[in-house]
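> Kindly return the folded structure for what I paste below:
(one chain, ligands or ions: 1)
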Amino acid sequence: MSEKIQTVIVGGGMITHDQILPSVYQLQRLGVVGEISVSALNGAPLKALAEAPMLQSGFPTQSFVSYPDYKTVDLSKPYPELFKEVLGKLPKRSAVIIALPDQLHYSAVKEALNAGHHVCCVKPLVLKHDQAIEIEKLAFEKGLVVGIEYHKRFDDRSLIARKRYQAGMFGDFRMGQARLIEPWYYRHSNFQNWCTCENSDAFSYVACHYIDLVAFVTGLKPVMVNVYGIAEPWPNGKKGFLWTDGRVVWENGAVLNVQNGFAYPNVAPGGNSQGMMLFFNGKEDGGYLEQMDSFRGVKHCFTANADKLYNETNPDYFQLVPYGGDGFKPVGYGYRSVEFIVNAMVKANEAKTLPEQQAILKRLDDDGIMATPKNSAYNELVMEAGRMSITNGGRDVVIEYGAHPKVRFKEASEYVKI
Ligand SMILES: NC(=O)c1ccc[n+]([C@@H]2O[C@H](COP(=O)([O-])OP(=O)(O)OC[C@H]3O[C@@H](n4cnc5c(N)ncnc54)[C@H](O)[C@@H]3O)[C@@H](O)[C@H]2O)c1
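Model (predicted):
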C-alpha cells in the first residue's frame, strides 16, 4: 500500500465546493489522501465550505485544515501570500490542487512545483502557451505530475467516442457544432467584476471544454480561430462579451462552431445548455456523433425541499449518492477526473528514481487521457488566438506550430480566391 498523499486545495470557491473538495474527501475516505488543507484569500469562503450542508451530509466525520483559520481571523482580512507558507510546510511530493481565478494559475502552479509538489489545476492551466511550456519543463525536471482538470474527458461518452474515432469508425471529422451556455444567474456573481471585455469573454471562459473534447476525440490540432462577441453590460454596468460565437478550423481543414454565453434561463430545468454534434466523411456514407450533454434523460418533479420544482438532473457529472456507509459518496466524471489525477501523483511517488518518474510523466503525455501541459498546450494557443480575434472585431487568427508555436492574424494573401 502506498503512502497517503497530503493534499492542499488553493482556492475555496464554487468549483472547490461543487467538485474538488468532495472528490478529495472521498479519496481520503478510501485511504489514498492523508490530511486535507484548503487555503483561500480570506476566511469567509472557508467558513462557508466548512458549514456547507452538502459537504457535511456527504462526509459527516471529515474536515479540512483551514488557511487562514476561519474560526479565529477577521473573515474579510486578505491573506494573499499565506498559501505559499502552506506549500512550504507540506512534505515534498504532496498534491496541490489549484482552484484560483484563471489569471492566478501561472504563478501558483510555479510556486507549487518549485516547492516540490505535484499539481492538479482546474482549467485553463494558464493564459499563454509559453507559460504552459515553461511549466511542462519545470515539472519534468523535477519528476512531478501536472494534470489539468478537463473533466469532460472522463465522461464515458467522450472515451467511447475517442475509441471509435481512433478505430476509424466515424471517418474523418469535417464539420461540427458545440454549445455551452451557462446560467443567466452567473451574471450576478463575481463574474461581473473580472469577466469584462478587456480581460476575458464567454469564449475564453467556457469554449475550451468542447474544443478540448474535439481534440481529445479526433486527435486533431486547431490551426485557426475567429470569435464574434456581443458586448453588453453586466448588472454592475461594466461591459463584457456575454455572448460569443467562435469558429475553430482544424489541421485537416475541418471546422467547429462553438457558441457560448451566460444566458441559460434561471427558470429552466437543467444546470446549463450544452452538447455537440459532429459530422464526418466516410468512404461510402457520412459519419455522425451527437451528444446531448445537459439533458441526459432524467426528469424529477419535487413537492418540497427544492429550489426548482421540475428538474432535469445530470446524473453523470457529479452526484453524491448513498453507498452503504456514513454520508454519501461522489459518482460521475467530475469525481473520476480528480481521482485519476491524484492516482497519477501517487503512482509517480511510487517510482524511486527521477528517470522512473519521468517515464511515468511521458506515459501520461502519450496516453493523452489526462490533460497535461504537453499534450493539451493547444488550449492555451486557442485562448490566445480567441482573445486576439474577439478584441479585433472577429478577425481570423492563425495558430502556427513548430519549434516556437505562436498566433498571428491571417494575411490577406492567405485567403483562397475561387
Ligand atoms: N467546468 C470547469 O472546469 C470549471 C467550472 C468552474 C470554475 N472553473 C475554474 O475554477 C477556477 C476557480 O473558479 P471558481 O468559480 O471556483 O472561482 P471563485 O471566485 O468562486 O473562487 C476563487 C477562490 O480563490 C480564492 N483566492 C483568490 N486569491 C487567492 C490567494 N491569493 N490565495 C488563496 N486563495 C485565493 C478566493 O478566496 C476564492 O475562494 C477558475 O480558474 C475557473 O475557470 C472550472
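
> so what's the backbone phi/psi at the residue nearest to residue 90 when sequence neighbours are not counted?
Here the nearest residue to residue 90 in space, its sequence neighbours aside, is residue 6; by C-beta to C-beta, 6 or more residues apart in numbering that works out to 5.6 Å. C-beta coordinates here come from the backbone N, C-alpha and C atoms, glycine included. For residue 6, the backbone dihedrals are phi -70, psi 140 (criterion: degrees, to the nearest 10).

> What helix or strand is whichever residue of the stretch 301-418 of the chain sits closest to the ligand located in?
The ligand sits closest to residue 334 of the stretch 301-418 of the chain, with a gap of 8.4 Å, by C-beta to the nearest ligand atom. Assigned by DSSP states H and E, residue 334 belongs to helix 333-350.

> which other residues reach that helix?
The list of residues contacting helix 333-350 from outside it, by C-beta atoms under 8 Å, 6 or more residues apart in numbering, reads 2-3, 5, 7, 18-20, 22-24, 26-27, 32-33, 93, 95, 97, 118, 120, 143-145, 147, 149-156, 316-318, 357, 360-361, 364, 369-370.

> thinking again about what came up before, give the contact list for the residue nearest to residue 90.
33, 34, 35, 90, 91, 94, 95.

> which ones are touching residue 39?
Under the criterion of C-beta under 8 Å, 6+ apart, the neighbours of residue 39 are 8, 9, 10, 11, 12, 67, 82, 83, 86.

> hmm, try it at 6 Å
Counting by C-beta atoms under 6 Å, 6 or more residues apart in numbering, residue 39 makes contact with 10, 67, 83, 86.

> So the third one belongs to a helix, correct?
Yes - under DSSP: H, G, I helix; E, B strand; the rest coil, residue 83 sits within a helix.

> Can you pull out the low-pLDDT segments for the protein?
Scanning the chain with the threshold set as pLDDT under 70 gives 1.

> what about 80?
Within the chain, the stretches falling below the threshold (pLDDT under 80) are 1-2.

> interface residues of it facing the ligand?
Residues of the chain lying close to the ligand by C-beta under 6 Å from any ligand atom are 10-16, 39-41, 45, 80, 83, 99-102, 104, 122-123, 190.

> switch the cut-off to 5 Å
Contact residues (C-beta under 5 Å from any ligand atom) of the chain with the ligand: 11-15, 39-41, 45, 80, 83, 99-100, 102, 122-123.

> List buried residues within these.
Listed as buried from the residues of the chain next to the ligand are 11-13, 15, 39-41, 45, 83, 99-100, 102, 122-123; burial here means 16 or more other C-beta atoms under 10 Å.

> can you put those residues in a markdown table and add secondary structure?
Converted to a markdown table, those look like this (three-state DSSP):
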| residue | secondary structure |
| --- | --- |
| 11 | coil |
| 12 | coil |
| 13 | coil |
| 15 | helix |
| 39 | strand |
| 40 | coil |
| 41 | coil |
| 45 | helix |
| 83 | helix |
| 99 | coil |
| 100 | coil |
| 102 | helix |
| 122 | strand |
| 123 | coil |
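
> Closest one to the ligand out of those residues, please.
residue 13 (1.9 Å).
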